[in-house]
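Peer 1: 3D model of this:
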Amino acid sequence: MGLKYIETVKSIILLLLVALSMVLTFSIWTYTPSYDTIEKLPPADVAIAEKKKFNELIKPYKTVFNFDDVLRGTTDSDTIDEIMDEITEWEVSDLKPVNSNFSAENLRTLLRKQNRFTLFFHGEVPLTVYDNVLNINEPVPIVPVISFDRIIVDWNPAGIAMDIFFVSRANKTLYSAKAKPEDYRNFQRTVLTQARELAEYTEVNPEGSTLIVVPKNPVEIDRYTFIEGETPPSKFRDALFSDPNAVRSSQVATNKEELVDNHALMKIDKDKLKFEYAYPTARLSELAIPSELLADTINFVNEHGGWTDEFRYTYMNPKSRTVNFRLFVQGLPVYTDSSSTAEIIQKWGNKQIYKYERPYFLLNWSLPHEKVAEFLPSGIDIAERLIESDMVDFDTIDEIAPGYFMKHDTEKENFIMEPAWFYLVKRKNSESWHRFSPENLGGEPIGLE
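Peer 2: Residues are numbered from 1 along each chain as shown. Now for the predicted structure:
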């Protein structure tokens with residue numbers, strides 16, 4: 001009996017061990033450790049500089065008032081800002097089409113009428129974008145597209161309200177709107193009083209197809225020298241690439257670097273202090289809607305705070321999906337030669353940026369800088385020299401305006417802003433800004449082609 005009992009106990013123990021082994025094996029197979037949840041990190045939120053509002057980027061570069069007996073105008077940024085502050089308070093209504101085939105002669109006639117003033121813009125501005133600036137109390141139609149590069153205001157003293165005209169020279173369209181009588185009274189008290197003290201302007205080449213008005217007397221402009229500053233390209237790398245840690249760097253030449261990942265490419269030129277960024281798969285050849293194109297390109301730069309200096313909208317081409325923003329200093333445009341760049345150039349692709357070219361230097365106003373007053377010849381003198389020149393067809397000149405020519409002194413590591421006169425040559429399919437130089441009339445274009 002004793003041996004039989006022992007065998008029974010052994011069998012029971014064996015069964016228990018087998019069962020325990022099965023339980024342990026099952027537990028091992030089905031065991032899942034308790035890991036802490038790993039959250040997916042969002043893209044780096046890089047703010048290089050402050051964001052800009054539309055009215056800070058889309059500005060008139062000149063205004064001219066046609067009084068009874070004299071033209072008065074200015075390119076002074078502060079004065080124009082004060083005028084715009086008044087205009088943005090107006091309640092604009094009754095927007096309607098006037099002429100869908102508005103010729104250059106029609107515009108010249110409109111501009112020459114007395115008791116009117118004109119705001120000049122560098123590029124075509126879609127009204128559906130600018131209605132964020134103007135107080136238009138009715139929806140602006142999306143189709144047809146309404147755009148302008150001139151705003152003309154008629155303040156006829158005999159009337160009780162003001163007529164506002166939106167002129168698009170590119171599309172040959174004229175739209176009108178009205179401001180309220182109380183806006184007219186405020187305008188008389190503030191803007192017109194100030195405008196009568198502005199510099200005297202005069203029309204040049206009255207027989208030409210384009211009305212060009214310039215200062216009658218020499219123009220005083222400050223010459224600046226800035227110590228070279230820059231925004232590190234690594235900040236733009238972190239803002240533009242989805243995963244900066246995956247970016248590969250290679251030195252392709254002296255002072256030239258390329259950054260790449262599986263989707264994008266950035267070429268950095270350390271001599272010219274500029275870079276070119278491209279996202280090839282985003283390329284798109286469809287005609288862009290102007291209002292969307294301008295808004296998208298502004299919002300793109302705002303996303304990473306890319307307005308490192310004062311840049312303004314100057315050019316748009318919906319066919320090539322291109323928008324340009326030019327550097328301005330004290331309200332005047334900055335031009336340069338091929339040794340540098342003073343523009344942010346964007347080509348918009350399929351719902352995102354396709355190409356992005358820009359400088360990364362800084363004009364640091366907080367650092368010591370040199371300022372010297374200089375006098376430019378009158379606009380009349382420049383126009384006469386251009387008319388007399390055999391190297392320039394004056395009929396192709398669309399504008400004459402002051403600005404800055406930027407020189408980059410790499411040895412002294414500074415930027416020199418030289419005041420100069422510039423003239424815009426427009427042909428059928430191209431336009432380009434040229435610096436006026438008596439020794440080099442008709443020289444190298446420094447703007448758009």
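Peer 1: C-alpha only now, for contacts and for neighbours.
Peer 2: Will do.
Peer 1: could I get the full set of helices for this structure?
Peer 2: 2-30, 54-57, 77-87, 104-112, 127-130, 181-187, 193-195, 233-240, 290-303, 379-388 (DSSP state H).
Peer 1: for the shortest one, buried residues please.
Peer 2: Buried positions in helix 193-195, judged by neighbour count with 16 or more other CA atoms under 10 Å: residue 195.
Peer 1: nearest to residue 168, out of the helices of the chain?
Peer 2: When these are compared by CA to CA, helix 104-112 sits nearest residue 168, at 9.7 Å.
Peer 1: can you pull the buried residues of the closest one?
Peer 2: Applying 16+ other CA under 10 Å to helix 104-112 flags 107, 108, 111 as buried.
Peer 1: export these to CSV and tack on distance to residue 136 and pLDDT?
Peer 2: Below are the buried residues of helix 104-112 laid out as CSV (distance: CA to CA, whole Å; pLDDT from 0 to 100):
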residue, distance to residue 136, pLDDT
107, 23, 92
108, 26, 90
111, 23, 90
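Peer 1: how many other residues sit next to residue 147?
Peer 2: Number of residues near residue 147 (other CA atoms under 10 Å) recorded here: 26.
Peer 1: where in this structure is pLDDT low?
Peer 2: Applying pLDDT under 70 to the chain flags residues 1-45, 159, 440-449.
Peer 1: would you mind giving the domain segments of it?
Peer 2: Domain ranges of the chain: 54-205, 227-361, per automatic domain parsing.
Peer 1: the helices of the chain: which one's closest to residue 279?
Peer 2: Set against residue 279 and scored by CA to CA, these come closest in helix 233-240, at 9.9 Å.
Peer 1: can you list contacts of that closest one?
Peer 2: Helix 233-240 has contacts (CA atoms under 8 Å, 6 or more residues apart in numbering) with 44, 45, 46, 47, 48, 244, 266, 268, 304, 360.
Peer 1: pull out the buried members of those.
Peer 2: Neighbour-count burial (16+ other CA under 10 Å) applied to the contacts of helix 233-240 gives 46, 48, 244, 266, 268, 304, 360.
Peer 1: which residues touch the third one?
Peer 2: Translated: residue 244. 237, 238.
Peer 1: report the buried residues of stretch 382-399.
Peer 2: For stretch 382-399, by 16+ other CA under 10 Å, it's 382, 383, 385, 386, 387, 392, 394, 396, 397, 398, 399.
Peer 1: ok, these vs residue 419, which is closest?
Peer 2: Out of those, the member with the shortest distance to residue 419 (by CA to CA) is residue 382, at 13.8 Å.
Peer 1: so what's the closest one up against?
Peer 2: Here residue 382 is in contact with 421, 436 (CA under 8 Å, 6+ apart).
Peer 1: beta partners for residue 328?
Peer 2: Residues in a beta bridge with residue 328, per DSSP bridges, are residue 333.
Peer 1: pretty sure residue 348 contacts residue 321?
Peer 2: Yes: using CA atoms under 8 Å, residue 348 makes contact with residue 321 at a distance of 5.5 Å.
Peer 1: circling back: mark which of the buried ones among the contacts of helix 233-240 are part of strands, please.
Peer 2: The members of those that map onto strands under DSSP state E are 266, 268.
Peer 1: from the buried ones among the contacts of helix 233-240, which is closest to residue 377?
Peer 2: residue 360 (33.0 Å).
Peer 1: for the closest one, what are phi and psi?
Peer 2: With angles defined as degrees, to the nearest 10, residue 360 sits at phi -120, psi 10.
Peer 1: residue 407 is in contact with residue 415, isn't it?
Peer 2: Yes: using CA under 8 Å, residue 407 makes contact with residue 415 at a distance of 5.7 Å.
Peer 1: between those two, which one's more packed in?
Peer 2: Using other CA under 10 Å, the more surrounded residue of residue 407 and residue 415 is residue 415, with 21 against 17.
Peer 1: quick one: residues contacting the more buried one.
Peer 2: Applying CA under 8 Å, 6+ apart, the residues near residue 415 are 225, 226, 227, 228, 363, 406, 407, 408, 409.
Peer 1: okay, it and residue 214: tell me how far apart.
Peer 2: In this view, residue 415 and residue 214 are 28 Å apart by CA to CA, to the nearest Å.
Peer 1: for residue 164, which residues count as its bridge partners?
Peer 2: residue 153, residue 177.
Peer 1: how many other residues sit next to it?
Peer 2: 22.
Peer 1: what residues are up against it?
Peer 2: Contact partners of residue 164, counting by CA under 8 Å, 6+ apart, are 151, 152, 153, 154, 176, 177, 178, 179.
Peer 1: so how many other residues sit close to the nearest residue to residue 70 once chain neighbours are set aside?
Peer 2: Nearest residue to residue 70, sequence neighbours excluded (CA to CA, 6 or more residues apart in numbering): residue 200, at 7.2 Å. Other residues lying near residue 200 total 17 when counted by other CA under 10 Å.
Peer 1: ok, now residue 334?
Peer 2: Look at residue 334: counted by other CA under 10 Å, it has 23 neighbours.
Peer 1: what distance do you get for it to residue 314?
Peer 2: Residue 334 is 12 Å from residue 314, by CA to CA.
Peer 1: go on, residue 416?
Peer 2: Residue 416 is 22 Å from residue 314, by CA to CA.
Peer 1: of the two, which one has the most company?
Peer 2: residue 314 (22 against 18).
Peer 1: for residue 100, give me phi and psi.
Peer 2: Here residue 100 shows phi and psi, under degrees, to the nearest 10, equal to phi -100, psi 0.
Peer 1: still on that earlier bit, which of the contacts of helix 233-240 sits closest to residue 96?
Peer 2: The shortest gap between residue 96 and any of these belongs to residue 304, at 38.0 Å (CA to CA).
Peer 1: mind listing what the closest one touches?
Peer 2: 45, 46, 47, 48, 49, 239.
Peer 1: could I get the residues you listed as CSV with distance to residue 101?
Peer 2: Listed next are those as CSV, based on distance: CA to CA, whole Å:
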residue, distance to residue 101
45, 48
46, 47
47, 45
48, 45
49, 43
239, 45
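Peer 1: and of these, the nearest to residue 120?
Peer 2: For the contacts of residue 304, the residue nearest residue 120 by CA to CA is residue 49; the value is 28.1 Å.
Peer 1: just checking, that closest one touches residue 306?
Peer 2: Yes: Residue 49 is within contact range of residue 306, at 5.9 Å (criterion: CA under 8 Å).
Peer 1: more neighbours: which of these two?
Peer 2: The residue with more neighbours, out of residue 49 and residue 306, is residue 306; 25 against 15, by other CA under 10 Å.
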